[in-house]
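In: Quick one: sequence plus predicted model below, questions after.
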Amino acid sequence: MIYIKNMVCPRCIEMVKHVFDQLDLQSKRIELGEVILDTDLTLSKKEELAEQLKVRGFELLEDQKSKQISQIKAIIVEQVHHSVKPIDTNFSTLISDKLAQEYSSLSKLFSSVEGVTIEKYILQQKVEKVKELLFYNEMSLSQIAYQLGYSSVAHLSAQFKKETGMTPSLFKKTRPNRKSIDSI
């Protein structure tokens, strides 16, 4: 298995698949942040893969800490941006279960490397998802609150305002620029 940084959406998966096809590399599965290979890579193929990924804004991850950070981010991005059903547990349990590690150690690692807590990263991702849904006027605020696991519209609005400096309704009216997911 190899880990790739900056894979944050289905288009990223398609682009990585394209790179693997171009390099004639066989994979069993490609998901956000990771690729399961059929065979081991030679050093020259690994270097060529790293270069082709870099040109497209991705990065091959080598050390264990970077891999874990990438996995944590992929779990969060997948749940917040790509899951159709609301999360039925808390993120700490989800992350801990998927990575089979204690959440406290993962949280310390994430904070030390990223400079923000996992909770802050989750909040940033949720706010970007709220912006997207408001921008495209796909759901009401109460539907968005439910979808993203907020206890109430008031809680969502308070966090949104704290993070962006404006209410969701003001955001909807002004439609300022949004950040790309991988820049968060």
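Out: Good, I have the coordinates.
In: so how far is residue 49 from the residue sitting nearest the centre point of the chain?
Out: Nearest residue to the geometric centre of the chain (C-alpha atoms, centre = their mean): residue 77, 2.7 Å. Distance, residue 77 to residue 49, by C-beta to C-beta, to the nearest Å: 22 Å. Placement of C-beta: from N, CA and C, glycine included.
In: Distance from the chain centre to stretch 89-102, please.
Out: Relative to its chain's centre, stretch 89-102 lies at 15 Å (C-alpha atoms, centre = their mean, to the nearest Å).
In: How about residues contacting that stretch?
Out: Residues outside stretch 89-102 that contact it (C-beta atoms under 8 Å, 6 or more residues apart in numbering) are 68, 71-72, 75-76, 79, 87, 103, 106-107, 118-119, 122.
In: Quick check on these: which are buried?
Out: Among those, those classed as buried by 16 or more other C-beta atoms under 10 Å are 68, 71, 72, 75, 76, 79, 103, 106, 107, 118, 122.
In: how about the last one, what does it touch?
Out: The reference is to residue 122. By C-beta under 8 Å, 6+ apart, the residues touching residue 122 are 76, 80, 91.
In: Correct me if wrong: the second one contacts residue 149.
Out: No - with contact defined as C-beta atoms under 8 Å, residue 80 and residue 149 do not form a contacting pair (9.2 Å).
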